[in-house]
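Undergrad: kindly generate the corresponding structure for this input.
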Amino acid sequence: MPQVTYTSATGDVDVLEGNDGDSIMEIAVRNGLRGIVAECGGSLACSTCHVYVSEEDLPSLPPMEELEDEMLDGTTSERRENSRLSCQLTLSADDKVHVETPESQV
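TA: Presented below is the predicted three-dimensional model:
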């Protein structure tokens, strides 16, 4: 069962479990996590599920596609080297990932 540790911009930490094949966004939304808006529901049409992925976890995640890269240019919070859209980060059963949610999504 995948596990995601979400740290908010204010330092609050939530550890949530999901199902094999869930995205980091789906796990957050299903559990009512504040900090991930996901206006488009994961259809890669907005940037309201922006997260900062822990540097040590980046290599284990799927590579960024061109459309995700373009969407990240529209985030309301600073884009960083480790910025990703959580709707594009699908997890496998044994994955354990740490992400930080930005101060604002909209």
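Undergrad: quick one: Met25 and Gly42 touch, right?
TA: Yes: counting by Cβ atoms under 8 Å, Gly42 is a contact partner of Met25 at 5.6 Å. Using the backbone N, CA and C atoms, a C-beta is placed for each residue, glycine as well.
Undergrad: and for these two, which residues touch both?
TA: Residues touching both Met25 and Gly42 (Cβ atoms under 8 Å, 6 or more residues apart in numbering) are 49, 87.
Undergrad: neighbour count: these two, which is higher?
TA: Neighbours were counted for Met25 and for Gly42 using other Cβ atoms under 10 Å; Met25 has more, 26 against 16.
Undergrad: list the buried residues for the strand or helix carrying the more buried one?
TA: Following DSSP states H and E, one finds Met25 within helix 24-30. Using 16 or more other Cβ atoms under 10 Å as the test for burial, helix 24-30 gives 24-29.
Undergrad: check stretch 2-18 too.
TA: Residues 2, 4, 6-7, 14, 16, 18 are the ones in stretch 2-18 that count as buried (16+ other Cβ under 10 Å).
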